[in-house]
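In: take a look and give me a structure for this.
(one chain, ligands or ions: 3)
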Amino acid sequence: MTNHWVDIKNADVILVMGGNAAEAHPCGFKWVTEAKAHRKARLIVVDPRFTRTASVADYYAQIRTGSDIVFLGGVINYLLTNDKIQHEYVKNYTDMPFIVREDFSFTDGLYSGYNADKRSYDKSSWDYERGDDGFAKIDPTLQNPRCVYQLMKQHYSRYTPEQVEKICGTPKEKFLKVCEMLASTAVPGRAGTILYALGWTHHSVGSQIIRTGAMVQLLLGNIGIAGGGMNALRGHSNIQGLTDLGLMSNLLPGYMTLPMEAEQDYDAFIAKRATQPLRPNQLSYWRNYRAFHVSFMKSWWGDNATAENNFGYDYLPKLDKSYDMLQVFELMNQGKMTGYIAQGFNPLAAAPNKAKIGASLARLKWLVIMDPLATETSEFWKNFGEFNDVDPASIQTEVFRLPTTCFAEERGSLVSSSRVLQWHWQGAVGPGESKSDLEIMSGLWLRIRRAYQEKGGKYPDPILKMSWPYSDPESPTPEEIAMEFNGKALADVTDATDKTKVLAKKGEQLAGFAQLRDDGSTASGCWIFCGSWTQAGNQMGRRDNSDPTGIGNTLNWAWAWPANRRILYNRASCDVSGKPFDSTRKLIAWNGTAWTGADVPDFKIDEPPENGMNPFIMNPEGVARFFSRDGLVEGPFPEHYEPFETPLGYNPLHPENKAVVSNPAARVFPDDRAAFGTHENFPHTATTYRLTEHFHYWTKHARLNAIIQPQQFVEIGEDLAKEVGVVAGDRVKVSSNRGHIIAVALVTKRIKPLMIEGKKVQTVGLPLHWGFKGLAKPGYLVNTLTPSVGDGNSQTPEFKSFLVKVEKA
Ligand SMILES: Nc1nc2c(c(=O)[nH]1)N[C@H]1C(S)=C(S)[C@@H](COP(=O)(O)OP(=O)(O)OC[C@H]3O[C@@H](n4cnc5c(=O)[nH]c(N)nc54)[C@H](O)[C@@H]3O)O[C@H]1N2
Ligand SMILES: Nc1nc2c(c(=O)[nH]1)N[C@H]1C(S)=C(S)[C@@H](COP(=O)(O)OP(=O)(O)OC[C@H]3O[C@@H](n4cnc5c(=O)[nH]c(N)nc54)[C@H](O)[C@@H]3O)O[C@H]1N2
Ligand SMILES: [Mo]
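Out: Ligands and ions are numbered 1, 2, ... in the order given. Purely as a prediction, here's the structure:
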């Protein structure tokens, strides 16, 4: 979230789109209720189904799955043509005046630089023109036909209300009503927030849908203000912590990236990431990359990380490609992997195309499962009749189950969607032989190191040189790990300009990431967490909920990254002179000598507004981008592409161009492409989702949850039920090109057929919680049906839009 849960209460308009917060985030949703009760906030829900969130909304609009870019592109078009934008904000704080290179173009669904064989772009033309001073050129009058404003206006002029109706199935009047409500927040005195989750991410264009939402918020001046923001409601209790700590295959802690194979030279690796300002007086905070990165390597390799060996840069793996979940199962399926550790992960249930996952697991020599429960994955080799119809005799994979404790049986920190790191204490002792993940992982690591010590190996240095400074090496404490993530001074750290001023003495915990140095004198396992455990102690354990301004920031409750800032880009809540746009929702203000207020400012507290430093300090331009110059793989402006399994078979925006039916820059493995179905054979559009009563595939192991939501069902609208001849309670067979499931039909008024390009499209709703293990009635894994293709940037699977056929069973 750019903002945080409590801040939702400050919104005047709340758009829930691509999520179902009342169902999946019921505790956080109370802040929507607060906003409605105390501010008369208006809640808008845009979803293919009339959801629990929709049931308490002021306005609901139905949309076809996978068509959100058309809807949001339509909103952009509406805001631009009706001049419903926050002028002062966009002119000063976004890239609207920036001039784009001559050789950038967009023709029939493709941007300049496309290579059809590689299915990827050469992005060099997606950039600003540069002046002789090296800075990006701008036209503050916004008249230049190649400025971002003009290009964007032209791009979205095709996204008319008529097109929205034809492609999304949302009636024009409903769409325009949503536009009007959102547009009401373009004035400085009103704030609007967007809450989203998987209804946006689980698409082959998921990242671009989110970008389009962010563009709407920028036009309205809704980023960086109280009650505004782009708010990703995250999933597992610590999934925010997972990405913060770089547990994606291409990431390092603090959103740094692993080097690619070609990046053998450390200085070049840093130079590429430590971007220099593109406009005068801008901060471009990533220019400190070397300090963050060196400190990170010092934390991993300690005294073995020296200036002479580039602090251990050679020890870091260099990637030949991304090793996301889809890639890993593809490699496994090709027999290129022999072993796999699934820690708190149930891929047979959770990953797309179950048949492929099962076949891949069967090609392994060994599989380790670290989990408190007996998951489907740990018994993928066993026959469970129609639910897992395999022949155990043909599967040779050796499976090891290592029982773990779960979060309530441990102490440590969790990071919420709000970026708040909150310490929690152990509530119970784990049963039986269970051990904590920390203890199991440490045990594995020590034994791997011993094997390298005793038997050698190809390149043992990264393992043998790693520092392991814990009091009990077999079981480091959560406190030790947390202190390591924060980081400490390895020598006295002095002020950058006044070297006589000591900021942190050797051995002390650091106070914040501004103290990190690139000379090896500091260590920090995760630079954005620096400040969470200082000399003053564990900041995450703080429990003072005082809120002097009433805005809800509670700066002394736990600790938020970065720097305990609760609302990112909060400088944008003030005009150029430092005066808040909205005096009733003040976050910070310039008082003549300093930035003060209810939040931690985005930059130095005494940085005067006259210096012209802009709010978006991580971008080298200092402003937010409508034109994503080095961002996403599909292009700098989001464009609609159909889901890989499309009910139409063509892209209505480019009906003649077969190359752009679906995302032209998405990676598709040949066997996965062969497994796609077509609308001729599978006429219905399906989507998968959650229910409050269950958490994924684990609460079906808990008796109370199994009682309140005992049996698998499929939601279909009354119209479709009539079409296929079933009534509520009948069993239906739902098939895709990858398999079928059979479940009870729940016939509902909450899903209606949509008219798309003159054709009736039915939506089928598939709750995802069932499987063949646990106490609930056994059911089919819903991912039997889903296709294996991911978002072009994140590789998050397209779970939310694919084709099926519904029949009476
Ligand atoms: N009770 C409970 N809570 C949970 C979880 C759980 O399993 N149980 N899981 C947690 C996890 S890990 C996560 S990631 C979050 C997920 O939180 P959410 O994303 O809110 O959950 P979902 O139910 O998967 O999907 C949300 C909505 O997206 C809609 N949708 C589908 N396709 C589209 C589309 O193309 N456009 C639009 N606009 N909407 C679409 C669906 O109809 C559904 O209502 O929930 C978390 N909270
Ligand atoms: N079709 C479809 N598929 C989906 C989705 C969808 O919307 N549609 N949603 C996707 C999303 S957003 C998610 S997050 C995934 C979820 O996919 P998974 O994460 O694989 O699903 P969970 O059932 O949450 O599995 C987590 C496991 O962690 C175990 N566990 C709990 N606490 C601990 C612990 O402290 N240590 C260890 N080692 N294990 C622990 C639980 O017992 C459980 O078995 O599913 C994805 N799959
Ligand atoms: Mo999730």
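
In: my guess is residue 250 meets residue 319, correct?
Out: Yes. Residue 250 lies in contact with residue 319 (C-beta atoms under 8 Å); the separation is 6.3 Å. The way it works is simple: take the backbone N, C-alpha and C, and place the C-beta from them, glycine included.

In: which residues do those two both contact?
Out: The contact sets of residue 250 and residue 319 overlap at residue 258 (C-beta atoms under 8 Å, 6 or more residues apart in numbering).

In: please list all residues in contact with residue 305.
Out: Applying C-beta under 8 Å, 6+ apart, the residues near residue 305 are 294, 297, 298, 311, 312, 520.

In: burial measure for the closest residue to residue 418 other than its chain neighbours, as a count.
Out: Leaving aside its sequence neighbours, residue 418 sits nearest to residue 4 (C-beta to C-beta, 6 or more residues apart in numbering; 3.4 Å). Neighbours of residue 4 under the rule other C-beta atoms under 10 Å: 23.

In: how about residue 55?
Out: Using other C-beta under 10 Å, residue 55 has 12 neighbouring residues.

In: follow-up on the earlier one: residue 420 is in contact with the residue nearest to residue 418, correct?
Out: Yes. At 6.7 Å, residue 4 and residue 420 qualify as touching, with contact defined as C-beta under 8 Å.

In: report the set of residues contacting both of the two.
Out: Jointly contacting residue 4 and residue 420 under the rule C-beta under 8 Å, 6+ apart are residue 560.

In: output stretch 146-164 in CSV, but only the C-alpha positions, please.
Out: Provided in CSV are the C-alpha atoms of stretch 146-164 (Å, rounded to 0.1, in the frame of the first residue of the first chain):
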residue,chain,number,x,y,z
ARG,A,146,5.4,14.6,-28.3
CYS,A,147,5.0,15.4,-24.6
VAL,A,148,3.6,12.7,-22.4
TYR,A,149,0.3,14.5,-21.9
GLN,A,150,-0.4,14.7,-25.6
LEU,A,151,0.7,11.1,-26.3
MET,A,152,-1.4,9.8,-23.4
LYS,A,153,-4.4,11.8,-24.6
GLN,A,154,-4.1,10.4,-28.1
HIS,A,155,-3.5,6.8,-26.8
TYR,A,156,-6.6,6.7,-24.6
SER,A,157,-8.9,8.6,-27.1
ARG,A,158,-9.7,5.1,-28.4
TYR,A,159,-11.1,4.1,-25.0
THR,A,160,-14.5,5.6,-25.4
PRO,A,161,-17.6,4.8,-23.2
GLU,A,162,-19.0,2.9,-26.2
GLN,A,163,-15.9,0.7,-26.4
VAL,A,164,-16.0,0.1,-22.6
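
In: state the mean pLDDT of it.
Out: The average pLDDT for stretch 146-164 rounds to 98.

In: then stretch 309-322?
Out: Mean per-residue pLDDT for stretch 309-322: 97.

In: list the buried ones in that stretch?
Out: Buried residues in stretch 309-322, counted by 16 or more other C-beta atoms under 10 Å: 309, 310, 311, 312, 313, 315, 316, 319, 322.

In: and the pLDDT for the residue in the stretch 551-700 of the chain positioned nearest to ligand 1?
Out: Per C-beta to the nearest ligand atom, residue 689 is where the stretch 551-700 of the chain lies closest to ligand 1, at 3.1 Å. The pLDDT attached to residue 689 in the predicted structure is 98.

In: who touches the residue nearest to residue 418 in this structure?
Out: Residues near residue 4 by C-beta under 8 Å, 6+ apart: 417, 418, 419, 420, 552, 553, 560, 566, 567.

In: from the residues you listed, which is closest to ligand 2?
Out: residue 417 (13.1 Å).

In: so for the residue nearest to the closest one when sequence neighbours are not counted, what pLDDT did the model give?
Out: Closest residue in space to residue 417, ignoring its immediate chain neighbours: residue 234 at 4.3 Å, by C-beta to C-beta, 6+ apart. At residue 234, the predicted lDDT confidence score is 95.

In: before we move on, what about residue 228?
Out: 98.

In: what's near enough to touch it?
Out: Contacts of residue 228 (C-beta under 8 Å, 6+ apart): 2, 3, 11, 185, 191, 192, 193, 217, 221, 222.

In: from residue 392, how far out is the first one?
Out: In this case it means residue 2. From residue 2 across to residue 392, the span is 50 Å (C-beta to C-beta, to the nearest Å).

In: which helix runs longest in this protein?
Out: Selection of the longest helix in the chain by residue count, based on DSSP state H, yields helix 437-455.

In: following it, which helix or strand comes up?
Out: Per DSSP states H and E, helix 437-455 leads on to helix 461-464 as the next helix or strand towards the C-terminus.

In: got the angle between whatever helix or strand comes next after that following helix and helix 437-455?
Out: Counting by DSSP H and E, the next helix or strand C-terminal to helix 461-464 is helix 478-486. Going by axes from the mean of the first three to the mean of the last three C-alpha atoms, to 10 degrees, helix 478-486 is angled at 80 degrees with respect to helix 437-455.

In: only the buried residues of helix 478-486, if you could.
Out: Buried-residue list, helix 478-486, by 16+ other C-beta under 10 Å: 478, 482, 483, 484, 485, 486.

In: surely the fourth one meets residue 299?
Out: Meaning residue 484. Yes. Shown here, residue 484 and residue 299 form a contact pair, counting by C-beta under 8 Å, at 6.0 Å.

In: what is in contact with these two at once?
Out: The contact sets of residue 484 and residue 299 overlap at 523, 525 (C-beta under 8 Å, 6+ apart).

In: end to end, how far does stretch 389-409 reach?
Out: 35 Å (C-alpha to C-alpha, to the nearest Å).

In: and it with ligand 2, contact?
Out: Yes. Stretch 389-409 reaches ligand 2 (C-beta under 6 Å from any ligand atom) through 404, 406, 407.

In: now tabulate these in JSON lines and tack on distance to residue 89, pLDDT and neighbour count.
Out: Shown next, in JSON lines, are these (distance: C-beta to C-beta, whole Å; pLDDT from 0 to 100; neighbours: other C-beta atoms under 10 Å):
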{"residue": "404", "distance to residue 89": "48", "pLDDT": "98", "neighbour count": "23"}
{"residue": "406", "distance to residue 89": "45", "pLDDT": "92", "neighbour count": "16"}
{"residue": "407", "distance to residue 89": "41", "pLDDT": "88", "neighbour count": "17"}
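
In: any idea how many residues pack against residue 448?
Out: By the criterion of other C-beta under 10 Å, residue 448 has 12 neighbours.

In: pLDDT score for it?
Out: At residue 448, the pLDDT value in this model is 96.

In: ok, now which ones touch the spatially closest residue to it that is not a sequence neighbour?
Out: What sits nearest to residue 448 in space, not counting adjacent residues and going by C-beta to C-beta, 6+ apart, is residue 463, at 6.5 Å. Residue 463 makes contact with 448, 449, 452, 457, according to C-beta under 8 Å, 6+ apart.

In: show the buried residues in those residues.
Out: 449, 452.

In: of all the contacts of residue 463, which two lie farthest apart?
Out: Distances among the contacts of residue 463 were taken as C-beta to C-beta; the most separated pair is 449 and 457, at 10.5 Å.

In: just read off the phi/psi values of the residue located most distally from the centre of the chain.
Out: Distance from the centre of the chain peaks at residue 500, with 43.2 Å (C-alpha atoms, centre = their mean). When read as degrees, to the nearest 10, the backbone of residue 500 gives phi -80, psi -10.

In: that one contacts residue 494, doesn't it?
Out: Yes. Applying C-beta under 8 Å, one finds residue 500 in contact with residue 494, separated by 7.2 Å.
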